[in-house]
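Undergrad: Got a predicted structure here, sequence first:
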Amino acid sequence: NGTVGTLLLDPTDIYIVDSTGDFNITSTSPFEATSNLYPISELTIGTLLSALSYSNVIVTTESTANGTGNIYVETPISSSSTNSLTLQANNNIIIGYPISLQGSLILQAQGLIQNQQSFKNAINISAANIITNAPIQTNGANIILQATGNILLPSIGNVLSTSEGVGILFLTSLMLGRVELTSMLRIHCVP
């Protein structure tokens, strides 16, 4: 029972999945790729939520394996823990399912934060604070960001972009750059 720490999850391409076992990732902290021979790793939602229940968690694609450096959210992520979740990708963060956290969500991508384009799913994120360093883009789907605290989006580039969907932000404080939508942006501020 000490202070909250931070776990580092360190494979190349990482898929957050709802399956029975982790693949090419250590089973205890610190989580990292067990072999650089495989370009992908799978982190089960059970392992992620267990780690998040007692510590801040970082999932990163840093490694010497030969992958694209993407993080794929292939299952819903929902946690009542107030610890933070950070996703760090050398390329893109691809969100296929809703993310709902009581703690903060930090999305750091050298490419884009985007939806599963084949699903045309909405990006639906709810967290205490949502912090991104990269543009959020969808292909014909809504972008829904809900924060009980702050939403911090990059100050340059097309911060929110969707060809047909609606951008919806629920927050107490907003800092963002350029927004480019072909339809509508709704912002609901709650003091």
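TA: Structure received.

Undergrad: From now on I want contacts and neighbour counts done on CA atoms only, so please keep to that.
TA: Fine.

Undergrad: Residue 55 against residue 82, yeah?
TA: No: Residue 55 is not in contact with residue 82 according to C-alpha atoms under 8 Å; the separation is 9.1 Å.

Undergrad: so where's the protein shaky on pLDDT?
TA: By pLDDT under 70, the low-scoring segments of the chain are 1-3, 5-11, 26-34, 63-66, 155-158, 161-167, 170-191.

Undergrad: try 80 this time
TA: For the chain, the stretches with pLDDT under 80 are 1-12, 25-39, 62-67, 117-120, 139-140, 154-191.

Undergrad: all helices in it, in order from the N-terminus.
TA: 45-54 (DSSP state H).

Undergrad: Just the C-alpha atoms of stretch 59-79, please, in PDB.
TA: Written as PDB, here are the backbone C-alpha positions of stretch 59-79 (Å, rounded to 0.1, in the frame of the first residue of the first chain):
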ATOM      1  CA  VAL A  59       0.700   1.000 -23.500                       C
ATOM      2  CA  THR A  60       3.400   1.800 -26.000                       C
ATOM      3  CA  THR A  61       4.500   0.400 -29.400                       C
ATOM      4  CA  GLU A  62       8.200   1.100 -28.800                       C
ATOM      5  CA  SER A  63      10.200  -2.000 -29.600                       C
ATOM      6  CA  THR A  64      12.800  -3.200 -32.100                       C
ATOM      7  CA  ALA A  65      10.300  -5.600 -33.900                       C
ATOM      8  CA  ASN A  66       9.200  -4.800 -37.400                       C
ATOM      9  CA  GLY A  67       5.600  -3.600 -37.000                       C
ATOM     10  CA  THR A  68       3.800  -0.500 -38.000                       C
ATOM     11  CA  GLY A  69       3.500   0.900 -34.500                       C
ATOM     12  CA  ASN A  70      -0.300   1.000 -34.300                       C
ATOM     13  CA  ILE A  71      -2.400   0.400 -31.200                       C
ATOM     14  CA  TYR A  72      -5.800  -1.200 -31.900                       C
ATOM     15  CA  VAL A  73      -8.700  -1.000 -29.400                       C
ATOM     16  CA  GLU A  74     -10.500  -4.200 -30.400                       C
ATOM     17  CA  THR A  75     -12.800  -4.400 -27.400                       C
ATOM     18  CA  PRO A  76     -14.600  -1.900 -25.100                       C
ATOM     19  CA  ILE A  77     -12.500  -0.500 -22.300                       C
ATOM     20  CA  SER A  78     -14.400   0.400 -19.100                       C
ATOM     21  CA  SER A  79     -12.900   1.000 -15.700                       C
END
